[in-house]
Every structure is written in structure tokens, then in C-alpha cells.
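Colleague: Need the 3D shape of this:
(3 chains)
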Amino acid sequence: MSDPFDLSAFEEPQNFQSDASVMSEAARPEPPYLAALNEAQREAVEATEGPVLVLAGAGTGKTRALTTRLAHILNLGLARPGEILAVTFTNKASREMKSRVEGLLQRTVESLWLGTFHAMGARILRSHAELVGLKPNFTILDTDDQLRLMKQVIEAANIDEKKWPARNLSAIIGRWKDRGIGPETAGSDGTGDFAFGKGPELYAAYQQRLKALNAADFGDLLLHCLTLFGNHADVLADYQRRFRYVLVDEYQDANVAQYLWLRLLARAHHNICCVGDDDQSIYGWRGAEVGNILRFEKDFEGACVIRLEQNYRSTPHILAAAGGLIANNAGRLGKTLWTEAPEGERIKIRGVWDGEDEARSVGDEIEALQAKGHSLNEMAILVRAVFQMREFEERFLTLGLPYRVIGGLRFYERREIRDAVAYFRAIAQPEDDLAFERIINVPRRGIGATTMQAVHQLARARGISLMQAAVEIVGTDELRPQARRSMSDFLSRLDHWRAEKARLPQADLAEFVLDDSGYTEMWQNDKSPDAPGKLENLKELVSAMDEFENLEGFLEHVSLVMENEDSGAGDKVNLMTLHGAKGLEFDAVFLPGWEEGVFPNQRSLDEGGSTALEEERRLGHVGLTRARKRVFLSFAANRRIYNQWQSSIPSRFIDELPQDAIEYVSESGLYEGQQATALDSDHSSAFGTAERPQMGRRRSRYDRAVTSGGLILEGRSEAVVVRESAGSYRVGDRVFHQKFGYGQVLTVDGDRLQVAFDKAGTKKVIDSFVESV
DNA sequence: TAGGGAATATTTTTT
DNA sequence: ATATTCCCTA
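Modeller: Sure thing, here's the model as predicted:
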């Protein structure tokens, strides 16, 4: 291992205009990249010293400002590349930053500390792993591994995993880690009620297991850094000295742990520049802390705050709509986006009968734009939740309209990829129990739960890895002959693969292992329609491995950086969630499903109250500001969610859009002109008398709110639905469930009910699945 | 141990 | 409706 603090190996600072370096400061011509900036951007670039917060609205050139700043620092020779830390949240963003900096400087730049928070955290940790109880080659677990480990921990503590699911614990621990809280300090807050307060205990056990496995989860990559910095002032001081400039992208998404990490690193020189937009903070549910951005000035004394407000993306109408919407949020720093662009079209709002109708009208609109020569690549449909996508996909398939879905499972999250990687992990790291467990019986080798239980038992009793335990148990007669033979066979193959590892390049090794293990064959024999695709993916994985130095390098990459398979070239409409759209832009944006319950999302509101409502609103703001020229917004009177019809009312967000930025278009006669019609006290009348046969059976939450005591208040084009108390049911109510029949409500917890059904027994159900009788 | 049928749970998901 | 996970039986 080379000394991470040895700066001698670093390249000398160099100016990209090498001939200019002899000129005096005054005679130096202004670098051309500065001329491309507006005044505020330029200020953000040139204020290199001291803390700077750049509040950059959507489309105001924040990436340009940030990358130019980085290039500028290098160009002035203020720091060598290795003395700059630039962090982003996504690999995509860091790749883009790197290539743009290189574009500005007209040369490649190596040895920058540029990458995601997690990648940078991992890089630091690898150098000091022992100081936090890990080995330098520790494994980085993904969510799937985490969950399985968590399950084991819960079961080991003799807790019913059904009552206290691993995913809940995982979320709780995740939030702790987000806030920089270790197992010692966990529990003093409200999240400690998992399994009657066993949360912190389980957290400690989980961390213990991680350490035993020589593994870290995503949260640990930062948390361990904090521990490291806290316990080893010398290490921290070295990094503080090293990183003379710190740059942060998308600062509004930083959680507390990341914030603390940054603050520690920048504490010595305060040369930290954070770029962000509080109005685009949409990951609060994942631990992002908008508070970070709001308190920047307090934490970094003498901070310079620069606002980027000139928008280069959207039309005034779109900006007005987005601005009008977001103005309803309290507790924001406040920005007003403006543009010199011509006015353009108003936002078109359309009320439709149902989701199918909505998909049809969006499809028509897309085809009309396409006929006028607009590229499909420049159109996007942004939905609140993935279940909204299906109707669009169906419609597009019918129309033969090419589309791509952005987001969804990442490449490395696919089962076949995870299996393959587990093979490689098991080869590279004999202690990786999780990998071993994953592949031991995939493909089927006749090694089932019983066998594994015995192995587990031995491993736990002796404090050894599963693989070691397996080796030992094979030497005894504890297993049944068949299992024993399979196990011994598998272990010897593993040995064989390990031996091959020394001889073969990793891609060849991978191919060999996948064939020799029978894994490829398993998919070849699989009749399911997606089996060929899986084989394709495996091929892709193997060929991608070529690019790495060795197997270990590849494994690091796979856990931190592995990309989504690109969704195919060609002219296609983009379909994605609002979250997935952040950072992207399109000429035309479709925003379907602006209905109460869908958007803002009811669950979100139930869980997070007004904070969540504001986040939903920011999500709307993000959606609107993705558009350059056109926005088509729609809402349906009826929506089928999980095979249940619900009638719905337009999103409150629609009422918050300024009147002169929008226009209603509606061939169906619904919601024509003013929505006041739609918000009549008896809203069902606004949808006409014809009801679908499927409807009327089921009464939605909103129906009930309207007809059974809830109120719809109307005030200057604002509609507020007031439901009775938190839920619509009370203990003792008689209810009917489609599957379980009649029953009586036992307990009410938000929208979750416990119901004693007459025939089916006591069940927990979501209140929208039952109706009162 | 494997495979089928029942039970369950469906907001968002940068790493 | 649908996907996943769980449980039980052959």
C-alpha cells in the first residue's frame, strides 16, 4: 500500500496555457471560459477562497459554474489536482464533471479526488481500514446483502421477523447512519421502538456481524470515516491539509453524516463551495437534510452566498408556474428564476376520465408533436410512482410508439448479475459468507436449508466463516451422504477456481467459473422468456470486466459504480419517475396523475405531514422545471390503483399554479374552464352521471370523506379535503373486504387497520381496501 | 429438498 | 393486477 499522504508523487501544478505562465499576473489574458459566464456564475467561480454557498435554481448553469470553478482553481495553480476534493451524489454527475473540467482545460486531469460521497469515503477507508476494525479489502454490501444480513441478526436475537421485518430495521438503521449516529448513541430518539426498543441492540449486533464479515454497507462508508476522523486527529489533519479546496454538488441532498464529513474536512481552511437548490430537495425520506443548506451561513462564518437565478432552460410561463407552485412552501431560502426567453406556450392542463384516457391523450399529443418534427428523445413523461407507468407503456405498445423506461433495476441489482458477482466474491474473499450463501445452491446442488443450518451452527459455535465451517463439516459424518458429496464437490471446485484466479485474466476466469459452476447452463435450460436476456447480461458483465486491473478492482467498481445498462439508442419517448428526472431536461414534459392521493402522494402525506407535503411540492417544481418549451399536465377523475377503482379530485398543486401561466384543454367536457365545477361540494356530479360498471362498488377514501362527514372546503380556487381524524374508520366499525368478507375494526393506526373478519380471522389491512357497511 | 400454491404488500431509491 | 416471499406437502 502506498502512503496516501505522500504528496511527492503528485504532478507539479501546471497552467493549461503553458506559454502564459511566464507572463505577469496583470498581463495574463482572461481565460476564455470566464467570458462564457454571467455575473453571478462568474462570482461563484472567482470567489475561490473561503466558504461559498451557491444557490442555483433549476437550469441556471450550476454545473457550468461548479466545473468552471474547479478548472479555474487548477488553472490559477492554486492547487494541484490531488489537493481538490469534489463530491457529487451520482457517478453520472462525477463523470460529467470530470469530462467538462477536462474540456475547459483542454487536457486530461488525473489524481483529482472527484467522485461520489460514497466512493470518496471508500477510498479514504481503504487506507485506514484497520483503524475502524476492518481490513483494507473489505466488501461493500448492497441493499440486498444488507437485508439478508439484517434478517439473520433479527432471527439470531430470537425476534419474529414477521412482526418486525428486516426492511423496517434496515430503514431505521439507515436513518441512524444518515444522521451520523452509531450503535452506542442510537436509541435516545423516537426510532428506538423497533421490537420493543431492541433497535439499538440489533443495530450493534448488525455492526458486529458486518465487522466479522469484513464488510461495510453504504452508510458505513461515511459513518466509519466520521469515526476515523473523530478518533484519529492526525489522520483527519492530514486530509484537512491535503484537500485545499472542497467542492460539493447537489448540496441539498446531503444527509447529516455527509454534512459532518464535509465540515470536518473543510474545517482547517474553510475553502468549501457547496452548490445546491433547496427547492429541489426531494430525498428527505432518504435522510437528506435541507437544514444543511439553510444553516450553511451559520456553520461557516463569513460565508459568501451567491444566487444563480437566470434560467437558460425554460420559457417564462413554465418558470412562472414552477415559481408559483414553490412559493407555497414555507422555510425556503427563496429564489426567483427569470429568463430572457420569449414567452412560449402556456402549460396545458387536461382533465380526463381515467388513466387509460390519460395515456391515450398523452399518446395523441406525442404523435402530434412528432408529426411536427419533434424528436421523441426530447419528450418525457414524469410520473409520481412506478405503477403509473404501465398504462403508458400499454398505450405506447398499441401505438407502436418507441419508448424507454429510465430508472428501475440497476444492472448490478439484477439477479443473474448478483449471482455471478457472488461467485467472484466467494473466490476473491473466502470470508464473504453472504456471497457463499447466495451461490451454494444456485444452481441447485441439493444443498438445502437443513445442510446450511448445520454449517451455520458450526460457524457460529467456532467463530469461523461459513466456508471454513463447510470444509470442516464435510470431514465429519454429520451430513447426509448426498449433501456431503455435493458440498465437498462444490468446495473443491471453489478451490480450483481460486487456483485459476492466479493464472487467468479476470474476464476469462469469470467465463470459466460461470460455465464450470453450471450457472450458465441453468439459464440455458430455463424456459422463461427472460432467460435469454439474462444470458446476454452475463455476457455483458464478463466483457465489462476486461477494463479492470484485476478482480478486486472490478468488485469495488461493481458495488459502487456499476451502471444502468443504457436504455438503447434511437428516438424514443422517455418514461420515468419524477425522482428519476432530476438533473435532466426535455423540450416537452408530460406530468400525468396530478390528483390528490397520487400527487401529492397520500402515503407520503400520512407519514410525513406538512414536511412531506412540501417535499411533494418540490417534486412538482422539479417536474415543471425539467421542461424547456412545453408542459402537459393532466389529472383523471377515476383511477385504478392495484385493481381498485378510486375516484379522485385534482391535485391541490394545480390550484397553486398562477392562472396566466396555464390553460385548460379538455375535449371531454370535464373540468372545462374553471375547476370550480370539479370542486363542487358533491364532486362526483362533475364527472357526469355515467359510471363505469366497475365503479360504484368500491368507495374510495375520498368518496367517504365527501359523503360521510369529511368536508371539501372551497376558498378562492383552493380545495382542501378534510378527513375525519387521521383515518376514516374507528374501532368497532363494521367493514367489508373484497377477499376477507365482513369484519369489525379492532385497531386503527393511520391508514392501517386491524380487522377481525368473521370468516377469515384477524388481519392487518390498509383502509382503502375495505369499505364501511 | 423442490416446487407449487397461498399469503402479503405494493412511494419515491443518487450509493 | 402483480410480484415477491412464505409455507407446506410430495
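Colleague: from what I can see A:A122 touches A:L221, true?
Modeller: Yes - here A:A122 reaches A:L221: they are 5.1 Å apart, a contact under C-beta atoms under 8 Å. Quick note: C-beta positions are derived from backbone N, CA and C, even for glycine.
Colleague: Stretch A:599-613 and DNA strand C, any residue contact?
Modeller: No - for stretch A:599-613, no contact with DNA strand C is found by C-beta under 7 Å from any atom of the strand; the gap never falls below 15.0 Å.
Colleague: Are there residues contacting both of A:A122 and A:L221? Which ones?
Modeller: A:I140 (C-beta atoms under 8 Å, 6 or more residues apart in numbering).
Colleague: give me the low-pLDDT residue ranges for the stretch 601-750 of chain A?
Modeller: Residue ranges of the stretch 601-750 of chain A with pLDDT under 70: A:667-730, A:736-742, A:747, A:749-750.
Colleague: 90 instead, please
Modeller: Low-confidence segments of the stretch 601-750 of chain A (pLDDT under 90): A:603, A:605-610, A:640-648, A:666-750.
Colleague: again, but for the stretch 451-600 of chain A
Modeller: A:451-454, A:456-457, A:459-461, A:463, A:475-486, A:521-538, A:540-541, A:543-550, A:552-570.
Colleague: Report how many residues lie close to the residue of it found nearest DNA strand C.
Modeller: Nearest to DNA strand C in the stretch 451-600 of chain A, going by C-beta to the nearest atom of the strand, is A:D530, at a distance of 10.3 Å. Around A:D530 there are 13 other residues, counting by other C-beta atoms under 10 Å.
Colleague: Next one: it relative to A:Q152, how far apart?
Modeller: Remark: distance between A:D530 and A:Q152 (C-beta to C-beta, to the nearest Å) = 30 Å.
Colleague: A:G174 now?
Modeller: 17 Å.
Colleague: So which elements touch the lengthiest strand in chain A?
Modeller: If you go by DSSP state E, chain A has its longest strand at strand A:627-641. Here strand A:627-641 touches helix A:316-326, strand A:347-354, helix A:355-371, strand A:586-591, strand A:644-647, going by 3 or more C-beta pairs under 8 Å, 6 or more residues apart in numbering; DSSP states H and E.
Colleague: buried sites along the first one?
Modeller: What it means is helix A:316-326. A:P316, A:H317, A:I318, A:L319, A:A320, A:A321, A:A322, A:G323, A:G324, A:L325, A:I326 (16 or more other C-beta atoms under 10 Å).
Colleague: okay, the closest residue to the first one other than its chain neighbours: pLDDT?
Modeller: Same thing as A:P316. Closest residue to A:P316 apart from its sequence neighbours, by C-beta to C-beta, 6 or more residues apart in numbering: A:E343 at 5.3 Å. As predicted, A:E343 sits at a pLDDT of 89.
Colleague: And what about A:E343, helix, strand or coil?
Modeller: coil (DSSP: H, G, I helix; E, B strand; the rest coil).
Colleague: residues in contact with stretch A:316-325?
Modeller: A:58, A:311, A:314, A:336-339, A:341-347, A:617, A:620-621, A:624-625, A:627-629, A:631, A:653, A:656-658, A:660-662.
Colleague: beta partners of A:Q310?
Modeller: A:Q310 has these beta-bridge partners by DSSP bridges: A:W338.
Colleague: Could you give the number of residues near A:T398?
Modeller: For A:T398, the count of nearby residues is 11 (other C-beta under 10 Å).
Colleague: one step back: mind putting the helices and strands packed on strand A:627-641 in CSV, distance to DNA strand C included?
Modeller: Formatted as CSV, the helices and strands packed on strand A:627-641 follow (distance: least, C-beta to the nearest atom of the strand, whole Å):
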stretch, distance to DNA strand C
helix A:316-326, 31
strand A:347-354, 14
helix A:355-371, 12
strand A:586-591, 23
strand A:644-647, 8
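Colleague: Reformat the ones you listed as CSV; add distance to A:A93.
Modeller: Output for the helices and strands packed on strand A:627-641, formatted as CSV (distance: least, C-beta to C-beta, whole Å):
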stretch, distance to A:A93
helix A:316-326, 22
strand A:347-354, 28
helix A:355-371, 29
strand A:586-591, 18
strand A:644-647, 38
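Colleague: quick one: A:E130 from DNA strand C, how far?
Modeller: The spacing between A:E130 and DNA strand C, counted by C-beta to the nearest atom of the strand, to the nearest Å, is 35 Å.
Colleague: which ones are touching that residue?
Modeller: A:P136.
Colleague: ok, A:D587 - contacts?
Modeller: Applying C-beta under 8 Å, 6+ apart, we find A:D587 in contact with A:H374, A:S375, A:E378, A:M379, A:A627, A:R628, A:K629, A:R630.
Colleague: So how do I select the buried members of the residues you listed in ChimeraX?
Modeller: Here is the ChimeraX command that selects the buried residues among those (16+ other C-beta under 10 Å):
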select /A:374,378,379,627,628,629,630
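Colleague: Let me know how buried the residue lying closest to A:D571 once chain neighbours are set aside is, in neighbour terms.
Modeller: Nearest residue to A:D571, sequence neighbours excluded (C-beta to C-beta, 6+ apart): A:L376, at 4.5 Å. A:L376 has 20 neighbours, counted by other C-beta under 10 Å.
Colleague: ditto for the one 4 residues further on
Modeller: Here the number of neighbours of A:A380 (other C-beta under 10 Å) works out to 26.
Colleague: A:R493 too?
Modeller: 14.
Colleague: Please apply the same query to the one 4 residues further on.
Modeller: For A:W497, the count of nearby residues is 21 (other C-beta under 10 Å).
Colleague: OK, contacts around the residue in chain A that DNA strand B sits nearest to?
Modeller: As assessed by C-beta to the nearest atom of the strand, DNA strand B sits closest to A:G448 within chain A, at 2.6 Å. A:G448 is in contact with A:N441, A:A483, counting by C-beta under 8 Å, 6+ apart.
Colleague: Now do the same for it: its pLDDT.
Modeller: Reported pLDDT for A:G448: 83.
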